[in-house]
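S.K.: Mind looking at a prediction? Sequence and model below.
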Amino acid sequence: MIEYFWKGKTSEALSKLLSLKATDAVLVTVGPQFEILSEKLIGVDLVHRGDLLKVVPGSKVPVDGKVVYGHSTCDEALITGESMPVTKKIGSVVIGGSINQNGLLIMSATLTGEATTLAQIVRLVEDAQTSKAPIQQLADRIAGYFVPFVIVVSTITLVGWIISGYVDLKHLPIEAKTIVFDKTGTLTHGTPMVSRICLFVEEEKCSLTKLLAILGTAEINSEHPIASALITYVKSTLGTEMMGQCKHFQAVPGCGLKCTVSNLDPMLKQMTGSDKLNNYANQIRNHVGEYIVNEVPVDMLIINCNQDKMNMELEQLLDINTEDKASVVTHVFEVLIGNREWMHRNGINVVKEVNSRMDAEEELGHTAVLCAFNEANKIIVTNNLQPLSLPRQKKPPMRYTSPATAFTSTSVEDYLHHEYFAIIDTAVGGNLVAMVSVADKVKPEAHLAVYTLKRMGLEVILLTGDNRKTAAAIAIQVGISRVFAEVLPTHKVAKIQHLQEQGLRVVMVGDGVNDSPALAQADVGIAISSGTDVAAEAADVVLMRDNLLDVIGCLDLSRRTVRRIRLNFLFASMYNLIGIPIAAGIFSSFGLTLQPWMASAAMALSSVSVVVSSLLLKL
């Protein structure tokens, strides 16, 4: 029986291994520079060798493969046992089921289906489970006598210590008294929407269209709910699913992202939402007080921060016929999107006027993010075109390519192989360009959930990376009085540890990549099923519904389960205290003897009573 039990535990281990397998994959087609032209969500069983797949930060690697673009680290601990994240770059092998951590990867599938590393591990475990060495049969016979003896001695020892009063079962499990909530995606829906846009430069220097194109392209590789809100708004406003090219993507949880954006022209050419933008342009010309674009207010706050370096029409510096296909103008943007701290860390000054505008949004409970970028305009001139104000560049030491075959590639670097060219670089100067306010509605059941948890005797805490004003506004709405704001993911772990050092048993509820360290550190980590795979792996409990009332149900069920276990301990102890002396014949002198059928019935009753007692939890 014990052997079958442990075989069942092995099956549970197999189930856990199988749960590591990704269920979906993002199939992409890419251009020459690995810019994503299209993407499609498919089942992992439909992936074939050679398919190009996109793996965003926080998601599982769908199948085994090789990295063809990007740089990141992957958590392979649950598969290989390697405790430290493994660096992945172009040419690196990635294992299906591992978790991508902080960078975008594009991989080529090499092993799919039963050929993957994870599938082979499962098969080896199954083979090992079904095989049995001859010596194991002898071990089974010995265990048939030895194990019952040990169990009896252990039971007698436990009962003896309980009777003597040395062990108090009441205080064995220590009940949690503190519950900590993340904000985005936990107390709120996690599906924020753009609520306001504030431009810090004139429309002539940085148009709203260009700003939206840059924002959408920069955020395309992020899984953060704010990124989803920005992408949804950009696609709806511009009326296109195509994005530009995003390279060197780096996301820092709790701060923001950094990347380079280019190749926006194909995206802007496919725009079908021109009516919304034309209406915005008409409002500007007519000096309407508040502009509305796709149901979102847009206002302007012109700030003085080296605006003379803003984008200029560089074609005016050159004698260029812009309709001549032998002339190429490309724009490369180094983009920063994030909070104040992220801007300060990257040398961007956040002036007083911008802070005031952000404060106004944050007091409403909205999240305000800033956008800054450097713009480099590369003008490639061919066919002997001459600059008006700049000296002609010397012929580069490269082979000559005739103009007739020059422009067959979309890569700007390929253009540099032509005989005559000129390049002018101008930067936007690292200026703040815009602020985007994102509103994430509080879940309707959040206030009731917090109220009920307080009635249950728990202290409720809000732990978030958002700024203090936004966090305070959300806390007031849901009824939380203790708030830790502006906390980075690594510092979230320190906050949990600080609470534990005070003797508290802490429950952490979260859903994002930045919550996973805190979920692992807490005494009990509860993840929302709609969150990321990383959070689910780090948590002890995963709620199947995106409903905060299930947190109350989880805590209530755990309390009732502990009480039921104590009751079962009591029943088992009383049952054995009565049954063992009778089986030993102590009461035979009084005519009370135990017949074989009675022993069988008693054994069955002992098991059935515990099972029935446990099933009462469902009532």
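M.R.: Received the coordinates, thanks. Just so it is clear, the structure is predicted and the values come from calculations on it, not from any experiment.
S.K.: Asn431 bridge partners, please.
M.R.: Taking DSSP bridges as the rule, Asn431 bridges to Phe373.
S.K.: Isn't it up against Cys371?
M.R.: No: applying CB atoms under 8 Å as the test, Asn431 and Cys371 come out as separate, 10.0 Å apart. For the C-beta atoms, the positions are set from N, CA and C on the backbone; glycine is no exception.
S.K.: how about Val551, phi and psi?
M.R.: Torsion angles at Val551 (phi, psi; degrees, to the nearest 10) stand at phi -60, psi -40.
S.K.: again but with Leu504, I slipped
M.R.: According to degrees, to the nearest 10, Leu504 has phi -90, psi 150.
S.K.: give me every residue that touches it.
M.R.: Residues near Leu504 by CB atoms under 8 Å, 6 or more residues apart in numbering: 177-178, 459.
S.K.: In PyMOL, how would I select the buried members of those residues?
M.R.: Of the contacts of Leu504, the buried ones can be selected in PyMOL as follows, counting by 16 or more other CB atoms under 10 Å:
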select buried, resi 178+459
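S.K.: What is the burial count for Lys247?
M.R.: Lys247 sits with 17 neighbouring residues when counted by other CB atoms under 10 Å.
S.K.: so what's it bridging to?
M.R.: Beta-bridge partners of Lys247, as defined by DSSP bridges: Thr260.
S.K.: Pull up the gap between Asp486 and Ala360, please.
M.R.: Actually, residue 486 is Glu. It isn't Asp. 18 Å (CB to CB, to the nearest Å).
S.K.: wait, which of the contacts of Leu504 is closest to Val28?
M.R.: Thr178 (43.8 Å; CB to CB).
S.K.: The closest one contacts Gly503, doesn't it?
M.R.: No: counting by CB under 8 Å, Thr178 sits too far from Gly503 to count as a contact (10.2 Å).
S.K.: on that earlier part again, out of the contacts of Leu504, the closest to Thr490 would be?
M.R.: Thr178 (20.3 Å).
S.K.: Who does the closest one form a beta bridge with?
M.R.: Glu459, Val506.
S.K.: what pLDDT does it get?
M.R.: For Thr178, the model assigns a pLDDT of 91.
S.K.: got it, and Ser402?
M.R.: So, for Ser402, pLDDT stands at 31.
S.K.: Could you do Leu615 as well?
M.R.: Per-residue confidence at Leu615 stands at 79 (pLDDT).
S.K.: So which elements touch the helix or strand containing it?
M.R.: Assigned by DSSP states H and E, Leu615 belongs to helix 596-615. Counting by 3 or more CB pairs under 8 Å, 6 or more residues apart in numbering; DSSP states H and E, the packing neighbours recorded for helix 596-615 are helix 549-584.
S.K.: Figure out how far the helix it packs on is from the centre of its chain.
M.R.: Centre-to-centre, helix 549-584 and its host chain are 39 Å apart (CA atoms, centre = their mean, to the nearest Å).
S.K.: swap in stretch 505-521?
M.R.: Averaging C-alpha positions (CA atoms, centre = their mean) puts stretch 505-521 12 Å from its chain's average.
S.K.: And stretch 517-525, by the same measure?
M.R.: Put simply, stretch 517-525 sits 16 Å off its chain's centre (CA atoms, centre = their mean).
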